[in-house]
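J.: quick one: sequence and predicted model below, then my questions.
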Amino acid sequence: VGLECLNFLLENSGRLGAGVKYVLFNDRKIFNSNQPSVFDLCEKYDIPFLSSLDDLLEIKNFDILVSVQFNRILKLNHISKANQIAVNLHMAPLPDYRGCNQFSFAIIDGVKEFGTTIHRLEEKIDGGDILFEKRFPVPDDFTVSALYEKTLLESILLFKKNIGNIISGIYSLTPQKSFTGKRKSSFHFRNEINLIREINPGWEKEKIYRFFRATYFPPFPPPFAVVNGNKIDITPEWIRENIGFIN
């Protein structure tokens, strides 16, 4: 998603009336190592890249800071460097799912609706005012990978549709607290995923399948069960043999 958003900014800088001055990134290639990375894109367009958040503090006179799925927490001294606004693309609805692994917990919760959000960066993680959002229905049999792919697509579309408005200052700010009592609100830490990967074979079939759909996402470690003291991976084959249905 970071690659797609950055590429859109670079290809449309003239029309948008804004150029990219620097890029700070985590150059991970988890899902498709054959695709170019943000690093490759920076080299192509000769965009200087920063090695750490400390380097960000040395930059002077830039208007907008855009965070897209960045893996570090920005503090107030980083956020306040932007003359106009600092925004974050969060691939989940807010305040429903703040933090990490939002796709997995949404499936476990059995949500009928999910979404993606552009919000103002503040010190409180994923807690800033909402600028733009897109929500969409979630089919009952969705897997975590399917929800990720759908959210990825909708996030890119949301960014492309609204980054010009952000650059031009055409937006309204909706405090998340205004949704108190109207929307679910939760926060999940990165390591919580390890707590939901263990499946109890004694659960009802629906629960087993729901937790499987929420946590089976290659190339990440699969869910597992402990049977007679032995740890076994819960795979699609195991689900077919023991539950009797799988999408």
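T.: In hand now; what should we look at?
J.: burial count for residue 154?
T.: Residue 154 has 18 neighbouring residues, counting by other CB atoms under 10 Å. Heads up, the C-betas are built off the backbone N, CA and C, glycines and all.
J.: how about it, what does it touch?
T.: 115-116, 134, 136 (CB atoms under 8 Å, 6 or more residues apart in numbering).
J.: identify the farthest-apart pair in those.
T.: 116 and 136 (8.6 Å; CB to CB).
J.: coming back round to it: could the contacts of residue 154 go into CSV alongside secondary structure, neighbour count and pLDDT?
T.: Below are those laid out as CSV (DSSP: H, G, I helix; E, B strand; the rest coil; neighbours: other CB atoms under 10 Å; pLDDT from 0 to 100):
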residue, secondary structure, neighbour count, pLDDT
115, strand, 22, 98
116, strand, 27, 98
134, strand, 17, 98
136, strand, 14, 98
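J.: and of the residues you listed, the nearest to residue 105?
T.: Looking across the contacts of residue 154 and measuring by CB to CB, the closest to residue 105 is residue 115, at 14.0 Å.
J.: hmm, residue 91 and that closest one touching each other?
T.: No - the pair residue 115 / residue 91 is not scored as a contact, 9.0 Å apart, by CB atoms under 8 Å.
J.: identify the contacts common to these two.
T.: Shared contacts of residue 115 and residue 91, counting by CB under 8 Å, 6+ apart, come down to residue 151.
J.: just to revisit the earlier point, adding distance to residue 11, write the contacts of residue 154 out as JSON lines.
T.: Listed next are those as JSON lines, based on distance: CB to CB, whole Å:
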{"residue": "115", "distance to residue 11": "26"}
{"residue": "116", "distance to residue 11": "21"}
{"residue": "134", "distance to residue 11": "22"}
{"residue": "136", "distance to residue 11": "26"}
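J.: residue 161: which of those is nearest?
T.: Looking across the contacts of residue 154 and measuring by CB to CB, the closest to residue 161 is residue 134, at 8.5 Å.
J.: list the contacts for that closest one?
T.: Here residue 134 is in contact with 115-116, 154, 157-158 (CB under 8 Å, 6+ apart).
J.: next one: it from residue 158, what distance?
T.: 5 Å (CB to CB, to the nearest Å).
J.: overlap in contacts, the two.
T.: residue 116.
J.: ok, residue 159 - how many residues close by?
T.: Neighbours of residue 159 using other CB under 10 Å come to 23.
J.: oops, could you answer that again for residue 145 instead?
T.: With other CB under 10 Å as criterion, residue 145 counts 15.
J.: these two touch, right, it and residue 219?
T.: No - taking contacts as CB under 8 Å, residue 145 lies outside contact range of residue 219: 10.8 Å.
J.: low-confidence stretches in the chain?
T.: 27-34, 245-247 (pLDDT under 70).
J.: which SSE is immediately downstream of the longest helix anywhere in the chain?
T.: The helix that spans the most residues within the chain, counting by DSSP state H, is helix 144-168. Downstream of helix 144-168, the next assigned helix or strand under DSSP states H and E is strand 187-188.
J.: what residues sit buried inside the next helix or strand after that following strand?
T.: Using DSSP H and E, the next helix or strand after strand 187-188 towards the C-terminus is helix 193-196. Neighbour counts over helix 193-196 (16 or more other CB atoms under 10 Å) mark 193, 196 as buried.
J.: repeat for stretch 74-91
T.: Buried-residue list, stretch 74-91, by 16+ other CB under 10 Å: 74, 78-79, 81-82, 85-91.
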